[in-house]
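Visitor: any chance you can model this:
(chains A and B)
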2 protein chains.
Amino acid sequence: MRLLKVDTPEKIKEKMVRYFSQMNVGFEDIHISNSLNRYIYEDIISPINLPYYRRSTVDGYAVISKDTYGVSESIPVFLNIIGNVNMGEKTDIKLINDCAIYVPTGGMVPDGADAMVMIEYTEKLDDETIAVNSPATKNANIIQIGEDIQKDTVVLKKGRKIKPQDIGALSALGISKIRVFRKPKVTIISTGDELISPEEKIKDGQIRDINSYTIGALTTEYGGEVIKKYIINDDYEKLRKTVADSIVESELIVISGGSSVGIKDVTAKILDDFGDPGVFVHGAAVKPGKPTIISYAKDTAMIGLPGHPASAAVIYRIFGKITFEILLNKHKQIESTIEGVCMSSIHAAPGRETYQMVKIFKKEDQYFAEPIFAKSAAISLLTQSEGYIKIGINEEGINKGQKVKIYLLNN
Amino acid sequence: MRLLKVDTPEKIKEKMVRYFSQMNVGFEDIHISNSLNRYIYEDIISPINLPYYRRSTVDGYAVISKDTYGVSESIPVFLNIIGNVNMGEKTDIKLINDCAIYVPTGGMVPDGADAMVMIEYTEKLDDETIAVNSPATKNANIIQIGEDIQKDTVVLKKGRKIKPQDIGALSALGISKIRVFRKPKVTIISTGDELISPEEKIKDGQIRDINSYTIGALTTEYGGEVIKKYIINDDYEKLRKTVADSIVESELIVISGGSSVGIKDVTAKILDDFGDPGVFVHGAAVKPGKPTIISYAKDTAMIGLPGHPASAAVIYRIFGKITFEILLNKHKQIESTIEGVCMSSIHAAPGRETYQMVKIFKKEDQYFAEPIFAKSAAISLLTQSEGYIKIGINEEGINKGQKVKIYLLNN
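Guide: Okay, here's the model as predicted:
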């Protein structure tokens, strides 16, 4: 196997985009009621103008604006009421000069009218007559056809993660079914002689598989679907065969390394064996979790993670997330961060991006980040972490009391 | 009906907690693989110590620390290798003085040993002998039993929204099934003579129901389950009967008002008719969406929203969210906000909290918030919004160029 030098996260992302964007996960058509948090497959074009009729923004009277020019409280104009528009109904009456038609908020402004007068500026004299005591300018209080959304324009862009308000908007346009990206299929493999599932009875010295559960949940969050999970002993042939089987039906295979000496190299060797380009990242300038492997072959993305649960989660939060961003054509999304004061000094790892997990406190409108320093295999690190601080490759460490940007984990 | 004065959001929350916390939505037991984003029903207590054996944090040799006191590169100590611990296995050999046992990272430290010496500080002389050239302090490189998580301590608290890393931690503890809050059942009713569903063929003047889709998706996001959706005409008796039927099987009924004059009062009257305390909020000091109704009767929470889609969504994002926080006993969560520069002035509504929807841009590491000012019935407002700015009751408006906190909508 050729030697690859340790890459920066930026360089890695560049390579991932180059290879992974060759994949096409395909689409499915679903009802909007089930579309929350799915990703749009192709631009959605509005089939109609919205509103599709001239809509009143007030309760009042449809008028011809010229009829009201120059009126005031002392010199009102008198108009004949010739009709009434009901909500949700069309009127066939056409407005003519010196007349008015009642229209409620949201109602359809009748033909002939070119302004709405608020009811507050009118006085009803009898069933057939109103006095208007304030002039209406042309198009006052009317939303024009297509003013909100124009027919044939893009409403939601390809790659957008569907939000609650989008579903409402689609309904407004009469679109009940949409085309979304199929969920990328993911196989997760945990390797290690010592691993057992949470259901198995434990024997002394064994430990429970953590990574496939954490990685599985993150996969769901990023928009993927876990189709299979395996725990494989440190057995070269068995691991090779499992990858060979999984490559047929998965868009992404994630392997987290066991803690046995040498297993990392075995993983790299296996992943490199399925065709070009094979392993294109072997080591990332990221702390924690240097032993990162990324490969591409046979239309399948493959990621090798460190075995340590906290490191595996951090690496997957970076490179797993990027993989889904590429596969689902996600728009650049806004990262959720808060500003806070760092409560201890953090040493940066020179030449690597440092990700330091923190707990977050709030005190008098000020956030505080308390770094969680734990020994190597801490599980508690996973649950106590509420966010992380990122220290750039060329940045020095962080001093106690320094203001920092905290990335929130629950996003 | 008694008259209620317009309440501040704070006061409203107080009342909601008082009434809604009487409800108990119950629980269900599920597998951890399906537990992402569910809410924990009761404190989860660790059934074991983690690690449950003394674990080595290095590849090296288990020793008795006293045997290494005073050693150095020039005066090493020689120890007999009497065994080898494999990953995932227990060793029955007990370490005695002047001896050493090989243990890999993560492996079980044998009885008798009280320190681990890193392999880098040893030299293997033959199959049976190593030289140790650096002293090991007592407990060096060993994680003690329960040091990570102690048996019988709380691992995850009641009300916690389950995160990916929590699922990994539960697996580590051998917990494969957990008890979570049942999803509160929600009925959504849209009222208005003009409303039709997105599937129906539209007739002039009608508009599509938006609210039940937006509110439905938000309900899913907040952890609820939409069990039924209705579109009801402005028909007092029909609305009353629908609420009466829904109250039996729902924990929350959400009604969004039609735009017809008078329907809001009808909704309040109906919701007040099912027993004590009935309607306890009638008007919220919030912009947009003053006509907010909140009621409680027969173990059911009821919320009346304005008919206008953008307002309905804002109000539900405040009071709907609070409802689920109470029902699911959620911990106070960190709000996701970013700091940005406001690109236009925003006028505050005196005596009301103002929620102004904004688009968000990023330029050279600086976020900018562009307020979206749209006419009353804008649907585009819903999809273009990426966040909002909140102006407190006693705060003045915001000036162009002012630094503001932007609340992100996708959270």
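Visitor: and the nearest residue in space to A:Ser197 that is not next to it in sequence, how many neighbours does it have?
Guide: Closest residue to A:Ser197 apart from its sequence neighbours, by C-beta to C-beta, 6 or more residues apart in numbering or on different chains: A:Asp209 at 5.7 Å. No exception for glycine: its C-beta is placed from N, CA and C like everyone else's. A:Asp209: 26 surrounding residues under other C-beta atoms under 10 Å in any protein chain shown.
Visitor: residues contacting A:Asp209?
Guide: By C-beta atoms under 8 Å, 6 or more residues apart in numbering or on different chains, the residues touching A:Asp209 are A:190, A:195-198, A:231, B:171.
Visitor: and these, which two are the farthest apart?
Guide: Farthest pair in the contacts of A:Asp209 (C-beta to C-beta) is A:Ser190 and A:Pro198. Separation: 12.0 Å.
Visitor: please identify which helix or strand holds the nearest residue to A:Glu128 once chain neighbours are set aside.
Guide: Distances taken as C-beta to C-beta, 6+ apart place A:Ile81 nearest to A:Glu128, at 5.4 Å, with adjacent residues excluded. If you go by DSSP states H and E, A:Ile81 is part of strand A:77-84.
Visitor: cool, A:Val254 as well?
Guide: Here A:Val254 is assigned to strand A:252-256, by DSSP H and E.
Visitor: buried subset of the contacts of A:Asp209 as a PyMOL selection?
Guide: Per 16 or more other C-beta atoms under 10 Å in any protein chain shown, the buried members of the contacts of A:Asp209 correspond to this PyMOL selection:
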select buried, (chain A and resi 190+195+196+198+231) or (chain B and resi 171)
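Visitor: pLDDT and secondary structure added to the contacts of A:Asp209, as TSV?
Guide: Below are these laid out as TSV (pLDDT from 0 to 100; DSSP: H, G, I helix; E, B strand; the rest coil):
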residue	pLDDT	secondary structure
A:Ser190	93	strand
A:Leu195	87	strand
A:Ile196	88	strand
A:Ser197	89	coil
A:Pro198	87	coil
A:Ile231	92	strand
B:Ser171	92	helix
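Visitor: out of the contacts of A:Asp209, who's nearest B:Ile40?
Guide: Comparing the contacts of A:Asp209 against B:Ile40 with C-beta to C-beta places B:Ser171 closest, at 15.3 Å.
Visitor: quick one: residues contacting the closest one.
Guide: Contacts of B:Ser171 by C-beta under 8 Å, 6+ apart are A:197-198, A:208-210, A:212-213, B:32.
Visitor: so A:Ile247 makes contact with A:Thr300?
Guide: Yes - using C-beta atoms under 8 Å, A:Ile247 is in contact with A:Thr300, at 4.8 Å.
Visitor: can you tell me the closest non-neighbouring residue to the residue of the stretch 1-150 of chain A found nearest chain B?
Guide: Nearest to chain B, among the residues of the stretch 1-150 of chain A, is A:Gly88, at 2.7 Å (C-beta to the nearest C-beta). Closest residue to A:Gly88 apart from its sequence neighbours, by C-beta to C-beta, 6+ apart: B:Glu194 at 2.7 Å.
Visitor: alpha carbons of stretch A:354-361, in PDB - could you do that?
Guide: Output in PDB follows, covering the C-alpha atoms of stretch A:354-361 (Å, rounded to 0.1, in the frame of the first residue of the first chain):
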ATOM      1  CA  THR A 354      -8.300  20.400  18.200                       C
ATOM      2  CA  TYR A 355     -11.800  19.400  19.200                       C
ATOM      3  CA  GLN A 356     -12.300  19.800  22.900                       C
ATOM      4  CA  MET A 357     -15.600  18.600  24.400                       C
ATOM      5  CA  VAL A 358     -17.100  20.900  27.000                       C
ATOM      6  CA  LYS A 359     -20.000  21.200  29.400                       C
ATOM      7  CA  ILE A 360     -22.000  24.400  29.100                       C
ATOM      8  CA  PHE A 361     -23.300  26.600  31.900                       C
END
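Visitor: low pLDDT regions in chain A?
Guide: A:1-4, A:258-265, A:289, A:331-335, A:374-383, A:410-411 (pLDDT under 70).
Visitor: by residue count, what's the longest helix in it?
Guide: helix A:236-249 (DSSP state H).
Visitor: now that helix and strand A:252-256, what's the angle there?
Guide: 150 degrees (axes from the mean of the first three to the mean of the last three C-alpha atoms, to 10 degrees).
Visitor: can you give me the strands in the stretch 51-200 of chain A?
Guide: Secondary structure of the stretch 51-200 of chain A (DSSP state E, counting those that start in this stretch): strands at A:55-56, A:60-63, A:77-84, A:99-103, A:115-118, A:122-126, A:129-132, A:142-143, A:154-156, A:177-181, A:185-191, A:195-196.
Visitor: any chance of the ones you listed in CSV, plus distance to B:Thr129?
Guide: Shown next, in CSV, are the strands of the stretch 51-200 of chain A (distance: least, C-beta to C-beta, whole Å):
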stretch, distance to B:Thr129
strand A:55-56, 91
strand A:60-63, 100
strand A:77-84, 105
strand A:99-103, 99
strand A:115-118, 99
strand A:122-126, 106
strand A:129-132, 108
strand A:142-143, 90
strand A:154-156, 71
strand A:177-181, 61
strand A:185-191, 33
strand A:195-196, 33
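Visitor: any idea which of the ones you listed is most buried?
Guide: Comparing the strands of the stretch 51-200 of chain A by mean neighbour count (mean count of other C-beta atoms under 10 Å in any protein chain shown), strand A:60-63 ranks first with a mean of 28.
Visitor: what comes into contact with that one?
Guide: Contacting residues not belonging to strand A:60-63 are listed as A:56, A:79, A:81, A:85, A:95, A:100-103, A:109-110, A:113-122, A:130, A:132, A:136, A:141 [C-beta under 8 Å, 6+ apart].
Visitor: if we go to 7 Å?
Guide: For strand A:60-63, contacts defined as C-beta atoms under 7 Å, 6 or more residues apart in numbering or on different chains pick out A:79, A:95, A:100-103, A:109-110, A:113, A:115-119, A:122, A:130, A:132, A:136, A:141.
Visitor: elements contacting the strand holding A:Val254?
Guide: Applying 3 or more C-beta pairs under 7 Å, 6 or more residues apart in numbering or on different chains; DSSP states H and E, one finds that strand A:252-256 contacts strand A:185-191, helix A:211-222, helix A:236-249, strand A:300-305.
Visitor: so which of the ones you listed comes closest to chain B?
Guide: So among these, helix A:211-222 is nearest, using C-beta to the nearest C-beta, at 3.4 Å.
Visitor: could you check the angle that closest one makes with strand A:252-256?
Guide: 140 degrees.
Visitor: please tell me how far A:Ile398 sits from B:Val281.
Guide: Noted for A:Ile398: a distance of 45 Å to B:Val281, by C-beta to C-beta, to the nearest Å.
Visitor: check A:Leu79 too.
Guide: The value you get for A:Leu79 to B:Val281, if C-beta to C-beta is used, is 41 Å.
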